[in-house]
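> requesting a structural model of the entry that follows:
(one chain, ligands or ions: 3)
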Amino acid sequence: MRVIVLGSAAGGGLPQWNCGCGNCHDARLTGTGRTQSSVALSADGARWVLLNASPDLRAQVAARPELWPRGARGTSISAVVCTDGEIDHTLGLLLLREAATRFPLYASAGVVALLDGEWPVLRVLSAYAGVEPRVLPERAAIALADGAGRELGITCTAVPVARRPPRYAPRATAATYDVALRLVDQKGATLAYVPTAGAVDDAVRSVARGADLLLFDGTFWSDGELRAAGAGAGADAPTAREMGHLPVGGPGGSIELLPRLGAKRTVLVHINNTNPILSRSSSERAQVEGAGIEVAEDGMEVEL
Ligand code: MLT
Ligand code: MN
Ligand code: ZN
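Residues are numbered from 1 along each chain as shown. Ligands and ions are numbered 1, 2, ... in the order given. The predicted model follows:
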């Protein structure tokens, strides 16, 4: 199985358009930005599955020959799986509107409802080639397939992770929105993909156990990071935990807990532009690396 981190940043990207924090400033000066969260994977190297559809999808596809069209028109992107209904993981669906046929979209029942309701992506896209929503069952493996129903050689198990519904849907009913994914090819190579997790709990443990690669939520270093950066709504900015992101640092943070999960390799993804681990010379980055955990880069490729 081939895995490519297309985008390693959280919502907003690096630099974020309206952010003047040190990381965003440095990224502007040095041209070392990061695009928003997405991963591509393939069992056969020819047909690819996108894990989340980033607002930066167009640039991400342009940067990867694997994802370029075959022939006059066409695509090697065979399906999309969304782990949540947040803007940074779904806006890219609109950018696939030129597709010739309905695009298979795998997501939890709660996310399919959001995309058919408060955030009407499915309705808008129905005027184009359209999207075929396929609801991910909870805690049961399914074989991913392309639009014609041909299996892609990868099974996917979605496990609900606790998190509130997106900010645009405050009145959404209790349902499963965010999921962690365990993706396994026919040789048993296993990717655990957990871009948002408020805790390292049984759900995360079941997805990560024995995985060859764990891609995990690296959004924030500390709970009060957004507030300290004067970001979001300033003093009213939510904490990392309120947003459903377990901080990387500090007591009970993910660098303390992830090494116990037994994944062969652990890499942080969905990194917010305020996170000090983005600076290679920071003490926080040294702590992450000291724990045997890596920080993803855009374009990082892993063969499992
Ligand atoms: C998140 O992952 O917490 C969301 O994407 C935040 C956002 O960009 O609104
Ligand atoms: Mn996000
Ligand atoms: Zn910033």
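
> which SS state does the residue in the chain that ligand 1 sits nearest to fall under?
In the chain, the residue that lies nearest ligand 1 is Gly11 (2.4 Å; CB to the nearest ligand atom). No exception for glycine: its C-beta is placed from N, CA and C like everyone else's. The local conformation at Gly11, judged by DSSP: H, G, I helix; E, B strand; the rest coil, is coil.

> please begin residue numbering at 270 from this point
All set: I'll call the first residue 270, so the last point we hit is now Gly280.

> surely it meets Glu355?
Yes: counting by CB atoms under 8 Å, Gly280 touches Glu355, with 6.5 Å between them.

> so which of these two has more stuff around it?
More neighbours surround Glu355 than the other of Gly280 and Glu355, with 28 against 19 (other CB atoms under 10 Å).

> in the stretch 320-469 of the chain, which spans are helices?
All helices of the stretch 320-469 of the chain, identified by DSSP state H, counting those that start in this stretch, fall at 326-331, 356-359, 378-384, 390-394.

> Val448: which of those is closest?
Proximity to Val448 (CB to CB) singles out helix 378-384 among those, at 8.2 Å.

> any idea of the mean pLDDT for stretch 271-287?
For stretch 271-287, mean pLDDT is 98.

> could you export it as PDB, CA atoms only?
Coordinates of each C-alpha in stretch 271-287 appear next as PDB, following Å, rounded to 0.1, in the frame of the first residue of the first chain:
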ATOM      1  CA  ARG A 271       1.300   3.400  -0.900                       C
ATOM      2  CA  VAL A 272       0.400   6.400   1.300                       C
ATOM      3  CA  ILE A 273       1.100  10.000   0.400                       C
ATOM      4  CA  VAL A 274       0.500  12.900   2.800                       C
ATOM      5  CA  LEU A 275      -1.000  15.500   0.400                       C
ATOM      6  CA  GLY A 276      -1.500  18.100   3.000                       C
ATOM      7  CA  SER A 277      -0.200  18.200   6.600                       C
ATOM      8  CA  ALA A 278      -1.800  21.400   7.900                       C
ATOM      9  CA  ALA A 279      -5.000  21.800   9.800                       C
ATOM     10  CA  GLY A 280      -7.800  24.100   8.700                       C
ATOM     11  CA  GLY A 281      -6.400  27.400   7.500                       C
ATOM     12  CA  GLY A 282      -3.200  25.900   6.200                       C
ATOM     13  CA  LEU A 283       0.200  27.500   6.600                       C
ATOM     14  CA  PRO A 284       0.400  30.400   6.200                       C
ATOM     15  CA  GLN A 285      -3.300  31.100   7.100                       C
ATOM     16  CA  TRP A 286      -4.500  34.100   5.100                       C
ATOM     17  CA  ASN A 287      -5.200  36.300   8.100                       C
END
